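Engineer: Okay, sequence plus prediction incoming.
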Amino acid sequence: MENPDNTHYCSLQGSARSQRELDNVQATIAVVDEEEATPTSKKVYSSGIPSPPQSPQRASSPLVILASVPEGPSEEASTNQVEEQEDPLCMLYNAQNIKLYELATFLFFKYQMKAFTTKAEMLESIGREYEEYYPLIFSEASECFKLVSGIGMIEVDPFVQSYILVPALGLTYDGMLTDVQSKPKTGILIVVLGAIFTQGNCVSEEIIWKMLNNIGLYGGRHLYIHQDPRKFISEEFVQEGYLEYRQVPNSDPPSYEFLWDPRAFAETTKMKVLEIFASITMTDPRAYTEKYAEALRDETERAQARIIQQIVLQL
């Protein structure tokens, strides 16, 4: 019997909304690619967020792979790239990228429905003729989905390979409304938390707005979020206890900055945020030398606190 959820999903696959979401990812990658081209030992991104010292070049991240999915046939592609398209390896690579995007879209739909998913469903969504490449496509799509939306996958039943989708890093809030059309804001929260930490544990709102503008998320016109990011960052995330929004001392005219608030410290860690932030910027987290050392100290302090708590409970 056909799953009604999957029938509904299939009707959404070719929608303009899915294409707009891909356009957003492509815009994000364009910023990253432009910044990576700067040949300096320690460069400052156009977003205002400093990058770590250069480290050995990593293979393309899932975000880069997803952004390479062709938007559609073009006259230029048909004339200038016809030889590449005839290459079987090139054709296979492009097909896998498209399937990666299709699977990421399917995962997003399942999260909206708050539904479990299984390997069988995911394989059906990309086509059983790609079963040989499923492990790679699944690995890249799930990682990409986590980086873009801030939603991770947890295996529930290894026997049937079923999964549940939850906010990443231990966060308990995704900012979604009851409307099925709403989108998770966890990815934006993770980016902001990462920017704050790598900037010395506080960052000016100007840098945050510039960063969001560079990835197409500023000004209240973003199709993926359907809300003004400035409003939900400075109000919603603050009200939920993830961010502190305060005036910079002695600033004239007044200027404001963001810091982590207690809920962020309680639900996640500096190391977890640094690791996913480094994945987004395609960097080894250890390249942020000082911040990595700080994150390690934080992990040690948390472990010691847990041990002390256990001892106290046993007394």
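Structural biologist: Looks like it came in fine. Numbers count the residues shown, from 1 in each chain.
Engineer: how near is the spatially closest residue to G175 that is not a sequence neighbour to G241?
Structural biologist: Distance criterion CB to CB, 6 or more residues apart in numbering; nearest residue to G175, sequence neighbours excluded, is K185 at 3.3 Å. In short, each C-beta sits where N, CA and C put it, glycine included. Distance, K185 to G241, by CB to CB, to the nearest Å: 14 Å.
Engineer: mind listing what's buried in stretch 107-127?
Structural biologist: By 16 or more other CB atoms under 10 Å, the buried positions in stretch 107-127 come out as 107-112, 117, 119, 121-123, 125-126.
Engineer: Ok, stretch 166-175 next?
Structural biologist: With the criterion 16+ other CB under 10 Å, stretch 166-175 contains buried residues 167-169, 171, 173-175.
Engineer: could you redo those as JSON lines and give each row secondary structure and distance to E275?
Structural biologist: Formatted as JSON lines, the buried residues of stretch 166-175 follow (DSSP: H, G, I helix; E, B strand; the rest coil; distance: CB to CB, whole Å):
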{"residue": "P167", "secondary structure": "strand", "distance to E275": "16"}
{"residue": "A168", "secondary structure": "helix", "distance to E275": "10"}
{"residue": "L169", "secondary structure": "helix", "distance to E275": "9"}
{"residue": "L171", "secondary structure": "coil", "distance to E275": "14"}
{"residue": "Y173", "secondary structure": "coil", "distance to E275": "20"}
{"residue": "D174", "secondary structure": "coil", "distance to E275": "20"}
{"residue": "G175", "secondary structure": "coil", "distance to E275": "22"}
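Engineer: closest to I280 among the residues you listed?
Structural biologist: The shortest gap between I280 and any of the buried residues of stretch 166-175 belongs to A168, at 11.5 Å (CB to CB).
Engineer: unless I'm mixing things up, the closest one is touching F277, no?
Structural biologist: No - under the criterion of CB atoms under 8 Å, A168 is not in contact with F277, lying 11.6 Å apart.
Engineer: Now the common contact residues for the two.
Structural biologist: Jointly contacting A168 and F277 under the rule CB atoms under 8 Å, 6 or more residues apart in numbering are I190.
Engineer: What residue spans form the domains of the protein?
Structural biologist: Domain assignment of the chain by automatic domain parsing yields the ranges 4-169, 186-314.
Engineer: Any idea how far apart the tips of the last one sit?
Structural biologist: So that's domain 186-314. Distance between the two ends of domain 186-314: 37 Å, counting by CA to CA, to the nearest Å.
Engineer: mean confidence for it?
Structural biologist: In this model, domain 186-314 has an average pLDDT of 87.
Engineer: hang on, the earlier thing: looking at K185 and G241, which is more packed in?
Structural biologist: Taking other CB atoms under 10 Å, K185 and G241 do not tie; K185 has more neighbours (24 against 15).
Engineer: ok, so what distance separates that one from P167?
Structural biologist: The spacing between K185 and P167, counted by CB to CB, is 10 Å.
Engineer: Equivalent analysis for D174, please.
Structural biologist: Using CB to CB, D174 is found at 5 Å from P167.
Engineer: shared neighbours of those two, anything?
Structural biologist: Jointly contacting D174 and P167 under the rule CB under 8 Å, 6+ apart are 150-151, 184, 186.
Engineer: ok, of the residues you listed, which one's closest to E143?
Structural biologist: I151 (11.3 Å).
Engineer: got the contact list for the closest one?
Structural biologist: Contact analysis of I151 by CB under 8 Å, 6+ apart lists 107-108, 111, 145, 165-168, 174, 184, 186-187.
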